[in-house]
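J.: can't give you the sequence, but here's the structure:
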């Protein structure tokens, strides 16, 4: 991640099923402040599609989608 000065808040939603991981991210983004970075870990395959779509619709910045062994790491920055 190129923004090494910002340490992401990790949201471990592995084992949670759709729409759980997305709802966890939405709640954290609402509670966070502009500039906060969130790294969500999800074992639900829908998250790799749903979270980027939500980020675009909500006007937040999708930074990265990485596939780890057994789960996805999705990084989103709150920009508004």
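T.: Received, thanks. If you're wondering where the values come from, they're calculated on a predicted model, not measured in any experiment. Residues are numbered from 1 along each chain as shown.
J.: show me what contacts residue 65?
T.: 48, 51-52, 72-75 (CB atoms under 8 Å, 6 or more residues apart in numbering). The C-beta positions use only the backbone N, C-alpha and C, and glycine is treated the same way.
J.: go with 7 Å
T.: By CB atoms under 7 Å, 6 or more residues apart in numbering, the contact list for residue 65 reads 48, 52, 72, 74.
J.: ok, residue 17 touching residue 45?
T.: No: between residue 17 and residue 45 there is no contact under CB atoms under 7 Å: 9.9 Å.
J.: quick one on the thing from earlier: any chance of the contacts of residue 65 in CSV, plus secondary structure and neighbour count?
T.: Formatted as CSV, those follow (DSSP: H, G, I helix; E, B strand; the rest coil; neighbours: other CB atoms under 10 Å):
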residue, secondary structure, neighbour count
48, helix, 16
52, helix, 14
72, strand, 20
74, strand, 27
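J.: tell me the one of these nearest residue 80?
T.: Using CB to CB, residue 52 comes nearest to residue 80 of those, at 16.8 Å.
J.: contacting residues for that closest one?
T.: By CB under 7 Å, 6+ apart, the residues touching residue 52 are 62, 65.
J.: and the pLDDT for it?
T.: For residue 52, the pLDDT comes out at 97.
J.: look up how far residue 75 lies from it.
T.: Here the criterion is CB to CB, to the nearest Å. By it, residue 52 lies 11 Å from residue 75.
J.: next one: residue 46
T.: From residue 46 over to residue 75 the distance is 17 Å, taken as CB to CB.
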